[in-house]
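Asker: Sequence first, predicted coordinates after that:
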Amino acid sequence: MLRRIKVGIIGGGGIGFTHIDALRRIEFVEITALADLNEDLALSYARKHNIPKAYGNYQELISDPKIEVVHIASPNHAHFPQAKAALEADKHVICEKPLGLNTEETSELARIAERKRMVTAVNFNIRFFPAIQQTKAMVQENELGDICIIRGWSLEDAFLHQTDYNWRMDPQKGGSSCVVATTGCHWLDLVQFTSGLTIDSVCADFTNVFPIRLRQREDKAYSPVKTGYEKKSTPLEEYASILMRFNNGAKGVLTLSEVSAGKRWDFFLEVSGLKGSIAWDLSQADKLWVGFRDKPNQILLRDPALFKPKVRGSIGAAPGQIEGYSDTFKKHFSRIYEYILEKKHLDKIEPDFPTFRVGHNIQSIVEAIVNSAKQGKWEKVMINR
């Protein structure tokens, strides 16, 4: 009988619920505690999700000797202190993206994790769609030839109105970027994961549509703008155009937006080589478009009989049954917990999931993009170890 790994969750709302749902689908994982901003809020979430213990602060959860793994599902600014405290307490840590607000934070967390030999992961869950795993396998087997062009986008309308406001627009809580750090980091991780290339330098142009936004006052459920809203300075970008140069000489272009009307999450990646191209659309996540010059193009459906043998283990549903976004959380977490269960970190076996070192790499790219937009020129990606 497998031993059960006891887990604590920091942050019970929003993405925290998706973590809880995914973990409950892993038979040898047991969620024993939840922490939030105060005890009342923690108790509310714990009762809602049938979690035995509730803590009014993250320090108490981390101090619980029975907890082996801590999931961090809090706002961006809380990631660094919470992850650092958990690592110093000898807990394995799974953190939402981004890993920190800057590379000083992310590099320190990566170093602590390596010194303490703890298992860490950043939740770049989109990697775990079977079609993405298939894309990586096809690139590795040189089916596309030398990669020369990569393009894509991530488009939403979450901040289309001036009254759209949350903590992601506050540099103190969200960091130096909005759209690049929110959805762009997923694409940046995905492009390096699938292509096997690294982003060498970037050139970015930002647009800040609403430098002043209107936040509804918390003491009123609804009132007209003149009395019910307060003005908030929001200097972060809602739109970004980014050019990229990769380490093999390939070129890339990425468009990111939080102000594209009607786009709930239009997420697209295309990798083109001298033999063929692959395109993937999140809204049709079970399909891959494969393009050729000298023979008919293909639509490759998620199917164990069609995907490569090493990818078949990532398929969780029968052909014709849709695998969704939340399923990628379960697949990601399953790999992490199997790694912990088998104590592979003690043997220094390379993990097959994104660690804090990957999180630091992505933060380094985000910072290069932000700096490029500020300076109006190409910026080298510098990864400080």
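Answerer: Thanks, I have it. All values derive from a computational prediction rather than experimental measurement.

Asker: Show me where the stretch 201-350 of the chain dips below the pLDDT cut-off.
Answerer: By pLDDT under 70, the weakly predicted segments of the stretch 201-350 of the chain are 218-227.

Asker: can you give me the helices for it?
Answerer: 225-228, 325-341 (DSSP state H, counting those that start in this stretch).

Asker: Show residues contacting the last one.
Answerer: Which is helix 325-341. By CB atoms under 8 Å, 6 or more residues apart in numbering, the residues outside helix 325-341 that reach it are 2-3, 5, 18-19, 21-23, 25-26, 28-29, 68-69, 92, 94, 119, 121, 123, 125-129, 282, 285, 314, 316-317, 345, 349, 351-353. To be clear about C-beta, it is placed using only N, CA and C from the backbone, and glycine gets the same treatment.

Asker: before we move on, the earlier item: the helices of the stretch 201-350 of the chain into a markdown table, with extra columns for mean neighbour count and distance to residue 181?
Answerer: Shown next, in a markdown table, are the helices of the stretch 201-350 of the chain (neighbours: other CB atoms under 10 Å; distance: least, CB to CB, whole Å):
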| stretch | mean neighbour count | distance to residue 181 |
| --- | --- | --- |
| helix 225-228 | 10 | 28 |
| helix 325-341 | 19 | 19 |
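
Asker: Narrow the contacts of helix 325-341 to those in helices?
Answerer: The helices, defined by DSSP state H, take in 18, 19, 21, 22, 23 from these.

Asker: Against residue 68, how distant is the closest residue to the last one other than its chain neighbours?
Answerer: To tie it back to what came earlier, the one meant is residue 23. Of all residues not flanking residue 23 in the chain, residue 29 sits nearest, at 5.0 Å (CB to CB, 6 or more residues apart in numbering). Distance of residue 29 to residue 68, given as CB to CB, to the nearest Å: 10 Å.

Asker: so what sits against both of these two?
Answerer: What both residue 29 and residue 68 touch, as defined by CB under 8 Å, 6+ apart, is the set 5, 7.

Asker: so what's the nearest residue to residue 20 once chain neighbours are set aside up against?
Answerer: Nearest non-adjacent residue to residue 20, counting by CB to CB, 6+ apart: residue 49, 5.3 Å away. Going by CB under 8 Å, 6+ apart, residue 49 touches 12, 17, 20, 31, 34.

Asker: again with residue 359
Answerer: By CB under 8 Å, 6+ apart, the neighbours of residue 359 are 95, 97, 98, 99, 100, 106, 109, 110, 122.

Asker: Roughly how far does it sit from residue 117?
Answerer: From residue 359 to residue 117 the distance is 17 Å (CB to CB).

Asker: What of residue 374?
Answerer: In terms of CB to CB, residue 374 sits 38 Å off from residue 117.

Asker: Next: residue 266.
Answerer: 41 Å.
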